[in-house]
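Participant: Dropping the sequence and predicted coords here.
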Number of protein chains: 8
Amino acid sequence: MTAEEITKMLKHVRRGKVSVEEAVDRLRNLPYEDLGYAKIDHHRSLRQGFPEVILARGKDPAQLEGIVRGMLARKHNILITRADSDLYDRIRKLDRRAAFHKLSGAITIVRDRKIRGKGQVLVVSAGTSDIPVAEEALVTAETMGNKVQSLYDVGVAGIHRLLGESRHLRGARVIIVVAGMEGALPSVVAGMVAVPVIAVPTSVGYGASFRGIAALLGMLNTCASNVAVVNIDNGFGAGYMASVINRL
Amino acid sequence: MTAEEITKMLKHVRRGKVSVEEAVDRLRNLPYEDLGYAKIDHHRSLRQGFPEVILARGKDPAQLEGIVRGMLARKHNILITRADSDLYDRIRKLDRRAAFHKLSGAITIVRDRKIRGKGQVLVVSAGTSDIPVAEEALVTAETMGNKVQSLYDVGVAGIHRLLGESRHLRGARVIIVVAGMEGALPSVVAGMVAVPVIAVPTSVGYGASFRGIAALLGMLNTCASNVAVVNIDNGFGAGYMASVINRL
Amino acid sequence: MTAEEITKMLKHVRRGKVSVEEAVDRLRNLPYEDLGYAKIDHHRSLRQGFPEVILARGKDPAQLEGIVRGMLARKHNILITRADSDLYDRIRKLDRRAAFHKLSGAITIVRDRKIRGKGQVLVVSAGTSDIPVAEEALVTAETMGNKVQSLYDVGVAGIHRLLGESRHLRGARVIIVVAGMEGALPSVVAGMVAVPVIAVPTSVGYGASFRGIAALLGMLNTCASNVAVVNIDNGFGAGYMASVINRL
Amino acid sequence: MTAEEITKMLKHVRRGKVSVEEAVDRLRNLPYEDLGYAKIDHHRSLRQGFPEVILARGKDPAQLEGIVRGMLARKHNILITRADSDLYDRIRKLDRRAAFHKLSGAITIVRDRKIRGKGQVLVVSAGTSDIPVAEEALVTAETMGNKVQSLYDVGVAGIHRLLGESRHLRGARVIIVVAGMEGALPSVVAGMVAVPVIAVPTSVGYGASFRGIAALLGMLNTCASNVAVVNIDNGFGAGYMASVINRL
Amino acid sequence: MTAEEITKMLKHVRRGKVSVEEAVDRLRNLPYEDLGYAKIDHHRSLRQGFPEVILARGKDPAQLEGIVRGMLARKHNILITRADSDLYDRIRKLDRRAAFHKLSGAITIVRDRKIRGKGQVLVVSAGTSDIPVAEEALVTAETMGNKVQSLYDVGVAGIHRLLGESRHLRGARVIIVVAGMEGALPSVVAGMVAVPVIAVPTSVGYGASFRGIAALLGMLNTCASNVAVVNIDNGFGAGYMASVINRL
Amino acid sequence: MTAEEITKMLKHVRRGKVSVEEAVDRLRNLPYEDLGYAKIDHHRSLRQGFPEVILARGKDPAQLEGIVRGMLARKHNILITRADSDLYDRIRKLDRRAAFHKLSGAITIVRDRKIRGKGQVLVVSAGTSDIPVAEEALVTAETMGNKVQSLYDVGVAGIHRLLGESRHLRGARVIIVVAGMEGALPSVVAGMVAVPVIAVPTSVGYGASFRGIAALLGMLNTCASNVAVVNIDNGFGAGYMASVINRL
Amino acid sequence: MTAEEITKMLKHVRRGKVSVEEAVDRLRNLPYEDLGYAKIDHHRSLRQGFPEVILARGKDPAQLEGIVRGMLARKHNILITRADSDLYDRIRKLDRRAAFHKLSGAITIVRDRKIRGKGQVLVVSAGTSDIPVAEEALVTAETMGNKVQSLYDVGVAGIHRLLGESRHLRGARVIIVVAGMEGALPSVVAGMVAVPVIAVPTSVGYGASFRGIAALLGMLNTCASNVAVVNIDNGFGAGYMASVINRL
Amino acid sequence: MTAEEITKMLKHVRRGKVSVEEAVDRLRNLPYEDLGYAKIDHHRSLRQGFPEVILARGKDPAQLEGIVRGMLARKHNILITRADSDLYDRIRKLDRRAAFHKLSGAITIVRDRKIRGKGQVLVVSAGTSDIPVAEEALVTAETMGNKVQSLYDVGVAGIHRLLGESRHLRGARVIIVVAGMEGALPSVVAGMVAVPVIAVPTSVGYGASFRGIAALLGMLNTCASNVAVVNIDNGFGAGYMASVINRL
């Protein structure tokens, strides 16, 4: 309810077109239905091009099927993260457009293919074991209406491979860098470009990698200034953040 | 050296205008002087509107004065972080435009006031003790050519104060949220807007805050998806990252 | 044995009604049978309305059945935490009143429905994955004779949902807040009420949530002062503590 | 603004006693001025018997003096934590009732001596080095209108001293237990009573006490169920929480 | 080779009964065969009453059977820790005296029943889940020739039960205290006696017990001075250390 | 009060020699004055040869002087740990027998020189920086009536020096091993002897020694079984524990 | 492309033998194909005697078979780490020379048996459970063309066994020391030799070994100076590093 | 005593030139004076070119002067680490050749300038704040008889600077890489060369660098295989280890 709408309603009250009781009732719902911040409530699904997102892990297939069925009544893209092929078999029966992204375990139902990101989102990763997280970021960014590109297996111990791809780096508007172990790749990449870099530590590694802590600390201590970090293995968060930036 | 310049030089070689020796010499310097990625070398200071930055802590005043003197020969804005009023007295003698930002300990010499950021950078902080870090972010963003605004003392235990300022939140293109203790503010702010939020944990707190670890973990585990995190107390990094995003 | 009883006995000694030997014997047992603090021994089961509690995890079904059989001879409510449906099948055969609380894995046998808590205990939780712990707190408080109410899925990244329920918050005498990930909800809730808030961190989350440490630290560092914290995933402890407070 | 007040205002609108413009204006301010949760804003200082609290550490004396001067215009008790005798000299000049609590470093200006807590708040501590934190809890509870009592130097390695004081324990309505090193005292105390116990770990100790972590973990893992924990050295928080409970 | 044997050999050299070459050869092997410290090599199995010990976990049954078969050729007691009933079935076929201690998973073959410890070793434990570790300590001490006694389920939250058993505590020459969760029991016990207390933290607990770290830190920070600590869950080590002390 | 004394008193009651009132009075004080465990109260100072101990750190000189003055009225040895030469100057004025142990910062007043330990307590240390802690252990054991010996600077990286002293090792009844950095020395020493070894980690080292954690973990994970550990830098505790063992 | 080759090409340009376009093309590829550092790209497989290495864990057998098939077309030794006997069955069908090293789970296909290391690489380990990691180091060093020797089960608690083998230690040019638990062995070994020691912590142990952290910290804090450390359980890395040193 | 010397002595025994008593006496001292490993004792100072090393921190100037005076009687190089200019003034009076290395705080007295290392030791560092540690490594390697070279300020966020220096990298026989913050430089350097890389984490950084832990973990998790790590800030250890390798 905008100030104008309230003004209008109050005029109706004055004119007797709306009863006092009804007006009170409408106003009572106001704080969490109509005030500015109330719009937040549905902002993820209501704003153009934001997908509806479900984390599959820890939910049972029937429950998930029910949620998706509800979502299909609306028109947004649907993104299910951390799923498996069994769930995919169920979902495909609901909508033929469902696609399974095996590497990341994501299922997408893309119904709105409009490109809303202004540039390209590039996903860079260090080792082959980082690819599941990298792909989750990629699929997320794509489902949210971005042109995406990937550049994998360019770890810092073979730095010339990365340098050989500097053209790709310079073509991106936002870069997501996914790395486990020592987590050094975001620093190197960020030093080569002037765009924002979202760093994603992965739990890849063993021993003193402490399931991603080493990579996380490495990224937080980056000597490059155009880097910010998301949680360990949080490919979805990186893809989402990159999309939000790429729409600016 | 662009491909065109190389072509031109080679034509000169063919025509005898440039000797083979000289051409070899020029090419030898090529990998780290003229190739695409070589431009990175000076990118911070050479690109328009990026300030020259010095971390004062751990350097002696005479040394710092020398560095600044050198920088004054160029035309960029100058940002000195974690300085004090003694250093300011020295610097002001070098350039009357020098300003001391007491709360953050930053010194700036602004010579280029062009606004390059496309929108407003808003810096939000939770408690009064977070202000030094928040101010460092603010000064950094401003020195890098952004319109900036601050919104302080809006901690989550008095959530209505934040809600009362939701209009300010919605006016920003990039938001920096600075918080110590439990580090919950970025989640709340990010849930109220659709723009990127850069979260800065501070070492404010005592006991189980572990000098910022509690806030850092809180921010990494945010349930909002439009948040990415920088290092503890890294106001400069947040201001820089926000500036890079705001120029997109 | 009170001072009066001792006096009485000594008079009997003087009068020869009680032999010296018998008096010595009685006094010898005194420290751990009759002194005030000895009453603590059975205080959980003997005091009105305190349930007999068994932690099922790590005990075998037959052993548990035996314990419950023993408890049924007394009249208290019985609460079995972290159980499963198999155990429930066994227990139901012992007493038809047994109920299985699927979400938390708790089994209750309620034989005493007297309400002893003076007000309402409200259990608030952030995400759907926190519900098992929240339900354990709820069932515990209910079995201990409290009016209980729940308010789930009101995380801080959608703060208006919580605000929309502020009436519920204000109706409670003690509030339990259950949250994983960044653990920020207790601070927000505590800032909206003037009653005690018991915070329960959960091990929900991944990566840098470190199985509940992030949430725990967040809660310990709360900027609200009417908050105290129990162990990670300790729904039972929170429900018990809330009940103890609600009887005051 | 209650629903009744809104109804009344709308009737005035209908009758023309209040203009539409004025009604819109009043309603616009409503979300953060008049709705229920808006009352939270000033709840600490406005509600009866809640003191105005200042953390002195990190603020300069002149600034603190200014804050206190402002508070003196109102009528609440004033509590300054972590202060020193220099600050006290300044404050005493502002108000002769100012008292300095040397052990905890707290300064109080008590202007409202009404007892609001329904029972006694007992503060128990293990060693002499825990006393500063214990005293902070004690002074806080007293300033908030509670009858308070202390029981110090009753560590678990001399358990009979604690047992000898069991009468004091049983006389309390809420107990605060302050302990460093292994943090075992809250478990023992809680096992002897049926009232809520607020546990405060202190940073007292050396080596593997890790500045209070050992005590904190000990308290979180208590085998007693009527215990909840606040942050390391947070005597103020414990005193506040105990007061909130004692008013129920 | 003792000094006397060397003297004897050298006399033989002088008399020509032993050739220089042979003497050199014998002396060459001397440092690790005959010097004092070389006796250490076999000290565990060769010294009277020390059992031969095998840690079963991580070894396969056939391999274990082979090792035991070899040990049976000698005459010491045999102790196999962390075994299971399957292994027991195999071992019993080798020697009828084999006994399986179900609670701790230990298998013993006792062939030497001589009591070598001068007093009684008492094993105290806090909760029922600590019993496997307590039993491992008990069986170890018994197999090493000590009179042993146990006192279980005397946690600090029910301190009077422990006090009721103070006579048992005072009858012991060495006490082992096993506790998980907050690990407070050793402090309390040590405060009640004047003999050495060996504290064993267990990994029992959840959440912030961090698999025994809370208990370990609690024990290291004990305020009693007659306590020393062994590794988490190390019942064997505690039993061994207590035996070494009890033989003094 | 023993059972016999109680019997005697009750007979007096019967005979009218003691009034009922007086008997009640005596019995009332019984739980913490006369029962078995009550003896614990003063056990440190009352039992023969146990010194009275004060930790100087954190107490002011005048306060310490007062405590010592009180102790001098009794006849026990006095041990002040972590003191300095200023305090020593004060204490020497109280009693000429006071001695200052510069290396450890301990002050002793030895008035009872009776040897109560049955064998020798040997203190072994790895590096010169471990000596303050080693000396604290040595002085403690000596003040408690033990024959003591030290063996310093025998670190594991020069293992032959230790081997050359194996005779000293074998002459001890209890061994205290003090080591920082990797904390490996207790394992090596314990493997060479059959007596109990008390291991003391020190905070000596830098970087990844984490102020003694590395040494502490090393000692807890020792592959020798006749080792138990006390807190980091806790020389006093080790000396006390060794004394308790050496009296058995 | 060396400077000479560039000179030659430029002469051809001058003489018209190479067109300007072609020259530009060749130069464009220069930075990552021909410059010195570009040789790094293939350095592992191309340099003499370096094996091609695959980490089997986390890859599926068919994929691994494909990779090996590709490698067989070249002539280097092949090393597959962390494999199992099932994979071995597949690989043996591809090449009869495949060998399975059961203890470490490594598979090797050795086609180049030339010894390239100048001396002997000795692998020392503390306990039997460290052998898998030790063997991985051994197999790696051997496959890379080194003479290797092993010395197992020489833990520090039986130091004379190690001393008895000092001849073996002195025969090595590089020593790898593998140890879990307290990780003390590298210090002792390094103190006995003058050659470089590579220390490998293992995750062997329980309780406070924290899956190798205790051993890692022990090794980092070694009091010997000829020691450097690799990651927990990283037998491969130690074998590789030792080989690189042994070729110098 | 070599085997030959023993043979000789035994022949003397046979011939009666040496009495049996004297021979026994000599042999008794044998294990720690003459056997092979006994040579270790003095190996640091006695072997050619190994300096005598003193850690100044924590020792007083007079004590240090005394130690150096003693060392001057021998002929080795002397290295004092972590010293200051005051100490230097004292030392210079003892020997005019003393040099103070201001950046690292090292003092050297070089009396033996023979080059013993076979190649060049290169010290690479990331930031200017890492230089003190880098210089300590450099000075150590130089004092131990190596040709040394340094390459500073080549952090990974400006990777082209490092690439521009690849020639220097390829000229080294052993490389020491010193880095704080994310500790990524060793991985990049090691990927560019085929020689051993010794990585030294520094405590440079703030916030989540945790005084060098981030860098340490980064280095332990390096994806390059020719890297091993020493303790945080341990420049001396790295220089020593590099020297040991460079002599092979």
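Facilitator: Sure thing, it's come through. Note that the coordinates shown come from a computational prediction; the quantities given were computed from them, not determined experimentally. Numbering: from 1, shown residues only, chains lettered A, B, ... in the order given.

Participant: which residues in chain A form strands?
Facilitator: A:52-55, A:78-81, A:98-101, A:106-109, A:120-125, A:147-151, A:174-179, A:197-201, A:227-229 (DSSP state E).

Participant: Adding mean neighbour count, mean pLDDT and distance to B:Val139, write those out as a markdown table.
Facilitator: Every residue, glycine included, has its C-beta placed from N, CA and C. Below are the strands of chain A laid out as a markdown table (neighbours: other Cβ atoms under 10 Å in any protein chain shown; pLDDT from 0 to 100; distance: least, Cβ to Cβ, whole Å):
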| stretch | mean neighbour count | mean pLDDT | distance to B:Val139 |
| --- | --- | --- | --- |
| strand A:52-55 | 19 | 85 | 37 |
| strand A:78-81 | 25 | 93 | 39 |
| strand A:98-101 | 18 | 95 | 43 |
| strand A:106-109 | 24 | 96 | 41 |
| strand A:120-125 | 27 | 96 | 30 |
| strand A:147-151 | 18 | 95 | 35 |
| strand A:174-179 | 31 | 96 | 25 |
| strand A:197-201 | 32 | 97 | 23 |
| strand A:227-229 | 31 | 96 | 19 |
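
Participant: Next, format those strands as a markdown table and append distance to A:Leu220.
Facilitator: A markdown table is the format used below for these (distance: least, Cβ to Cβ, whole Å):
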| stretch | distance to A:Leu220 |
| --- | --- |
| strand A:52-55 | 25 |
| strand A:78-81 | 24 |
| strand A:98-101 | 29 |
| strand A:106-109 | 27 |
| strand A:120-125 | 18 |
| strand A:147-151 | 23 |
| strand A:174-179 | 13 |
| strand A:197-201 | 9 |
| strand A:227-229 | 6 |
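
Participant: Let me have those strands in TSV, adding distance to chain E as columns.
Facilitator: As requested, the strands of chain A are exported to TSV (distance: least, Cβ to the nearest Cβ, whole Å):
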stretch	distance to chain E
strand A:52-55	23
strand A:78-81	27
strand A:98-101	35
strand A:106-109	32
strand A:120-125	32
strand A:147-151	39
strand A:174-179	28
strand A:197-201	22
strand A:227-229	25
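
Participant: Which among those strands is found nearest to chain F?
Facilitator: Closest to chain F of those is strand A:197-201 (Cβ to the nearest Cβ; 21.2 Å).

Participant: could you give the angle of the closest one to strand A:120-125?
Facilitator: With axes from the mean of the first three to the mean of the last three Cα atoms, to 10 degrees defining the directions, strand A:197-201 sits at 30 degrees from strand A:120-125.

Participant: which helices and strands does strand A:197-201 pack with?
Facilitator: helix A:131-143, strand A:174-179, helix A:185-192, helix A:213-220, strand A:227-229, helix A:235-247 (3 or more Cβ pairs under 8 Å, 6 or more residues apart in numbering or on different chains; DSSP states H and E).

Participant: returning to what we had before: out of the strands of chain A, flag the one nearest F:Val13.
Facilitator: Closest to F:Val13 of those is strand A:52-55 (Cβ to Cβ; 76.5 Å).

Participant: What strands line up against that closest one, and which way round?
Facilitator: Strand A:52-55 sits in its sheet next to strand A:78-81 (parallel), going by DSSP bridges.

Participant: Restricting to C-alpha, output the partner strand in PDB.
Facilitator: Only the C-alpha atoms of strand A:78-81 are listed here, as PDB (Å, rounded to 0.1, in the frame of the first residue of the first chain):
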ATOM      1  CA  ILE A  78      13.400 -23.500 -10.900                       C
ATOM      2  CA  LEU A  79      16.700 -24.500  -9.400                       C
ATOM      3  CA  ILE A  80      17.200 -27.600  -7.200                       C
ATOM      4  CA  THR A  81      20.700 -27.900  -5.800                       C
END
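
Participant: Can you tell me what sits against it?
Facilitator: Applying Cβ atoms under 8 Å, 6 or more residues apart in numbering or on different chains, the external contacts of strand A:78-81 come out as A:51-57, A:64, A:68, A:71-72, A:87, A:91, A:104-109, A:111, A:136, A:139-140, A:143, A:236.

Participant: one step back: just tell me which of the helices and strands packed on strand A:197-201 ends up closest to G:Phe210.
Facilitator: Smallest distance to G:Phe210 across the helices and strands packed on strand A:197-201 (Cβ to Cβ): 12.9 Å, for helix A:213-220.
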